[in-house]
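Engineer: Show me how the following folds:
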Amino acid sequence: RLSAESYMILNEPDKAKEIYDSRLSTVKAATDKDHFFLGSMYYGVGDWQSAAEEFLAMKDRSDSLGQSANYQLAHSLFNTHNKLGALDAFKEAALASFDPEITKDAYLNYAKLSFDLNSDASVYKTYMEKYPDPDEIDHIYSYIAVAALRAKDYNAALAAFDEIEELDDTMACNYMKANFLQAMDFRNAGAWKDAAERLKMAIHFGPEENDMEELLTYYLADTQFRDGNYEASLKTYRDLYNHNALSGTREEGLIMFGMAYSYYKNGDYPMAVRWFGKFLDTSPKLYGREAQVCIADCKFLQNNYTEAAEDYIAVAQKYPLKMDAYPYYQAGLCYRLASNPARAAEVIENAGELSPKARYYDETLMELGRSYTALKRSSDARTCFNKVVERNTL
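Structural biologist: Here you go, the predicted structure:
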């Protein structure tokens with residue numbers, strides 16, 4: 001056997017096996033020790049299939065030799081892509097206590113495969129109770145978290161990360177990703193408050209002073225706005241603008257748009273007009289119609305009816321939409337409130353081919369009827385009102 005072992009040291013397993021086979025030919029049958037030695041020879045040189053066959057040929061693997069055999073068998077099966085077999089072998093090695101180092105490492109691998117194959121984290125929990133090493137526990141929770149992250153189970157990923165005492169740079173990056181991705185899920189579900197909290201966590205744990213932080217902050221501002229927290233969204237948008245965030249991107253222009261809308265929702269119409277104007281100067285093709293409508297709305301809400309009416313007409317001319325009568329309705333309303341019903345009627349009469357299914361179509365007919373009434377054109381007014389009644393009683 002010593003000669004065979006010498007060949008093993010020299011990494012010549014074929015010669016070692018030849019010598020060992022010669023020895024075995026003089027006995028009736030190979031013993032468990034023989035199979036163990038042969039298996040260890042193959043294991044030592046990476047012949048995983050042959051090693052596994054020898055270990056499996058052992059009749060009894062319940063003693064100290066058997067624990068070592070199970071441990072090597074598990075690694076051999078794993079390397080032949082038989083993970084289920086490796087799971088069972090690691091478990092057998094882990095439940096034996098002859099060699100504490102083998103027991104511990106086998107238990108860790110048993111826990112890992114249990115989690116990978118069956119999503120069973122209970123073995124990890126038992127392992128951590130048996131071997132409470134803080135550094136190793138952090139590593140295990142990081143592994144669980146990343147696996148959950150890949151499976152898109154963001155709740156489980158975050159719960160695992162929360163068990164880690166101190167996040168290293170890689171863990172912090174993955175924690176940021178988990179928070180961001182769950183925030184996107186919350187946004188898609190309309191859970192704006194939950195999304196905002198997750199985005200704040202993602203920003204806190206993400207890298208500082210880079211495009212990713214800026215993009216996360218942009219999403220936070222948008223989320224705060226959608227949640228109706230306009231003071232917060234305004235502050236976040238203003239911080240982004242002051243830091244020249246997301247320069248050269250689509251979102252750069254939307255920062256000003258978000259600021260303008262936040263001012264609008266807060267009732268600060270002069271500032272809203274100012275920032276919608278800045279937005280149009282830099283991003284005229286991006287939400288241009290909506291921005292111009294908002295400018296007109298701001299003037300309307302400040303009772304500046306004539307100027308608002310002109311802005312509504314400009315919107316209708318620049319962005320003619322058959323399915324949206326809102327600019328004509330608002331222009332007519334503005335002129336009537338400005339005591340100019342003739343101009344109100346003229347604008348609506350020249351609205352063009354609006355679809356009867358257009359938004360604000362009935363309201364526009366009603367406004368035209370009111371203008372005719374003010375002009376004492378009773379017959380025309382009655383026609384408008386009757387048409388609205390007919391449309392809503394069919």
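
Engineer: Pick out the residue closest to the middle of this protein.
Structural biologist: The central residue of the chain, meaning the one whose C-alpha is nearest the mean C-alpha position (C-alpha atoms, centre = their mean), is Leu181 at 2.0 Å.

Engineer: Tell me which other helices or strands the helix or strand harbouring that one touches.
Structural biologist: Leu181 is part of helix 169-188 when elements are defined by DSSP states H and E. Taking 3 or more C-beta pairs under 8 Å, 6 or more residues apart in numbering; DSSP states H and E as the contact definition, the neighbouring helices and strands of helix 169-188 are helix 134-150, helix 154-161, helix 192-205, helix 211-226. Using the backbone N, CA and C atoms, a C-beta is placed for each residue, glycine as well.

Engineer: can you list those in a markdown table and add distance to Ala89?
Structural biologist: Compiled in a markdown table, the helices and strands packed on helix 169-188 are given as follows (distance: least, C-beta to C-beta, whole Å):
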| stretch | distance to Ala89 |
| --- | --- |
| helix 134-150 | 21 |
| helix 154-161 | 27 |
| helix 192-205 | 39 |
| helix 211-226 | 43 |
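
Engineer: so can I have JSON lines of the ones you listed showing mean neighbour count?
Structural biologist: JSON lines is the format used below for the helices and strands packed on helix 169-188 (neighbours: other C-beta atoms under 10 Å):
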{"stretch": "helix 134-150", "mean neighbour count": "18"}
{"stretch": "helix 154-161", "mean neighbour count": "20"}
{"stretch": "helix 192-205", "mean neighbour count": "20"}
{"stretch": "helix 211-226", "mean neighbour count": "21"}
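
Engineer: May I see these arranged in TSV, with distance to Ile102 and mean pLDDT as well?
Structural biologist: Supplementary listing: the helices and strands packed on helix 169-188 in TSV, determined by distance: least, C-beta to C-beta, whole Å; pLDDT from 0 to 100:
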stretch	distance to Ile102	mean pLDDT
helix 134-150	17	92
helix 154-161	27	94
helix 192-205	38	96
helix 211-226	44	95
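
Engineer: chain center to the helix holding Leu181, what's the gap?
Structural biologist: 6 Å (C-alpha atoms, centre = their mean, to the nearest Å).

Engineer: Contacts for it, please.
Structural biologist: Helix 169-188 is contacted by residues 138, 142, 145-146, 149, 152, 154-155, 157-158, 161, 164, 167, 192, 194-196, 198-199, 201-202, 205-207, 216, 219, 223, 226 when judged by C-beta atoms under 8 Å, 6 or more residues apart in numbering.

Engineer: With stretch 52-63 instead?
Structural biologist: With C-beta under 8 Å, 6+ apart, stretch 52-63 has contacts from 30, 32, 35-36, 38-39, 42, 66-67, 69-70, 72-73, 76-77, 80, 82, 85, 92, 96, 98.

Engineer: how does it look with 6 Å?
Structural biologist: 32, 35, 38-39, 69-70, 73, 76-77 (C-beta atoms under 6 Å, 6 or more residues apart in numbering).

Engineer: Neighbour-wise, give me the winner out of these.
Structural biologist: By neighbour count, taken as other C-beta atoms under 10 Å, the most surrounded of the contacts of stretch 52-63 turns out to be Leu73 (29 neighbours).

Engineer: Show me where the stretch 251-394 of the chain has its helices.
Structural biologist: 269-282, 288-301, 305-318, 326-337, 341-349, 361-374, 378-391 (DSSP state H, counting those that start in this stretch).

Engineer: which one of these is the most hemmed in?
Structural biologist: Highest mean neighbour count among the helices of the stretch 251-394 of the chain (mean count of other C-beta atoms under 10 Å): helix 326-337, with a mean of 25.
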